[in-house]
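Participant: Take a look and give me a structure for this.
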Amino acid sequence: MAFRWLPIPISTDPPPQMKDIQKTILVTGASRGFGFEMVRAALDIGDKVIATVRNNPDELLRRFNDHPDLFVVIMDVVHEDQVIDAVQQAMVRFQQLDVLINNAGYGIISAIEEASDAEVRQQYDTNVFGLLNVTRAVLPYMRRRRAGHIINISSLFGFDVIPGWGLYGSTKFAVEGITKGLAQELASLNIKVTAVEPGLYSTDFLSEHSSRVSQRTISDYRDTVGQMRLSASLLHGNQSGDPRKLARAVIEIAHIQRPPLHLLMGSDAITLYRNNVERTEQDIKEWLDVSMNTDHDHQQ
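Facilitator: Model prediction:
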């Protein structure tokens, strides 16, 4: 039901209008989760894929049976020199790049007070500054061709948060702002930009490989963030969203002429967004007089 409004159908087979349009797609963080599934979905419809991993590229190649349209390159998004080198390797291999999917990232479950400066900076280095590193490396090639599509994987916590996810959510708020800014700056260059905001999907995002907890805990947050730590571990593997369906939807969006700026994925993402809008509208209504009376008085 969450996909009813997509401009093309979600199905196990590629839509007819996509079968003869091969794209070259770069997917960061491709070793597991959404990244892995998007690589699979793209290869299934005949796209060429550059998949980035932080280590062991041969393992990903093996999982895809050394697919001739798959190029796996080592790249940690936090190291700009490595990012530039990886993108250059990709261009040598495939000569063009149509779509960038900024997928690499991880979450931290922590009260904002509990997280150390190092933990917060590491979260931002990957989720925000790493995304910017890859985007800067790719855009010169897209600008030269006056064509391309940047897809940033955000989150339902990119427009609202719950206890324990404030810091992670703040990185996705940043991704939302970057996406909107890019969309306006790149529109005249025929480069499209989309933020994908997934809800909870049955990937390993809540596992120790993709999600962390702060080293410090404070007892005063036991009934809020503490409960979130417990429920997150119980939820792992039982999320309602199907990551293969999301991956197919994202790859389909990469093939259409007028993709959305925002693509909320999953019923939980829709619910969280609508609840946030309702609360914000209520605050505006209650405090409208205060808000509207802070402009300069008009001189007669």
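Participant: rest of the way, CA atoms for contacts and neighbours
Facilitator: Fine.
Participant: packing partners for the host helix or strand of Val120?
Facilitator: Element membership for Val120, per DSSP states H and E: helix 117-124. With contacts defined as 3 or more Cα pairs under 8 Å, 6 or more residues apart in numbering; DSSP states H and E, the secondary structure elements packing on helix 117-124 are helix 166-186.
Participant: Just after the helix it packs on, pick out the following helix or strand.
Facilitator: Assignment by DSSP H and E places the next element after helix 166-186 at strand 191-198.
Participant: Okay, helices next: where are they in this structure?
Facilitator: 33-44, 57-63, 80-94, 117-124, 130-145, 166-186, 227-235, 243-253, 267-286, 288-292 (DSSP state H).
Participant: re the thing from before, could I get the average pLDDT for the helix holding Val120?
Facilitator: Within the predicted structure, the mean pLDDT of helix 117-124 is 97.
Participant: Please export the C-alpha coordinates of it as CSV.
Facilitator: The C-alpha atoms that make up helix 117-124 are tabulated as CSV, following Å, rounded to 0.1, in the frame of the first residue of the first chain:
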residue,chain,number,x,y,z
ASP,A,117,32.8,13.7,21.2
ALA,A,118,34.6,10.9,19.3
GLU,A,119,31.5,8.9,18.8
VAL,A,120,29.5,11.8,17.5
ARG,A,121,32.3,12.9,15.1
GLN,A,122,32.6,9.3,13.8
GLN,A,123,28.9,9.2,13.1
TYR,A,124,29.0,12.5,11.2
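Participant: who touches that helix?
Facilitator: Helix 117-124 has contacts (Cα atoms under 8 Å, 6 or more residues apart in numbering) with Tyr106, Gly107, Ile108, Leu167, Tyr168, Thr171, Ser214.
Participant: hang on, the fourth one packs against Ile108?
Facilitator: This points to Leu167. Yes. Counting by Cα atoms under 8 Å, Ile108 is a contact partner of Leu167 at 7.3 Å.
Participant: Determine the residues that are contacts of both of these two.
Facilitator: With contacts taken as Cα under 8 Å, 6+ apart, Leu167 and Ile108 have no neighbour in common.
Participant: Least reliable of the helices of the chain by average pLDDT, please.
Facilitator: Of all the helices of the chain, the segment with the smallest mean pLDDT is helix 227-235, scoring a mean of 74.
Participant: Next, the contact list for Val83, please.
Facilitator: For Val83, the set of contacting residues under the criterion of Cα under 8 Å, 6+ apart consists of Met75, Asp76, Val77, Asn133, Val134, Ala137.
Participant: Please identify which of the helices of the chain is closest to Ala51.
Facilitator: Shortest distance between Ala51 and the helices of the chain, using Cα to Cα, is found for helix 33-44: 7.1 Å.
Participant: Let me see the residues that make contact with that closest one.
Facilitator: Residues external to helix 33-44 that are found in contact with it (Cα under 8 Å, 6+ apart): 25, 27-30, 48-49, 51, 69-70, 103-104, 203-205, 243-244, 246-248, 250-251.
Participant: Direction-wise, compare it with helix 243-253 and give the angle.
Facilitator: Orientation of helix 33-44 against helix 243-253 (axes from the mean of the first three to the mean of the last three Cα atoms, to 10 degrees) gives an angle of 60 degrees.
Participant: Noted, bye for now.
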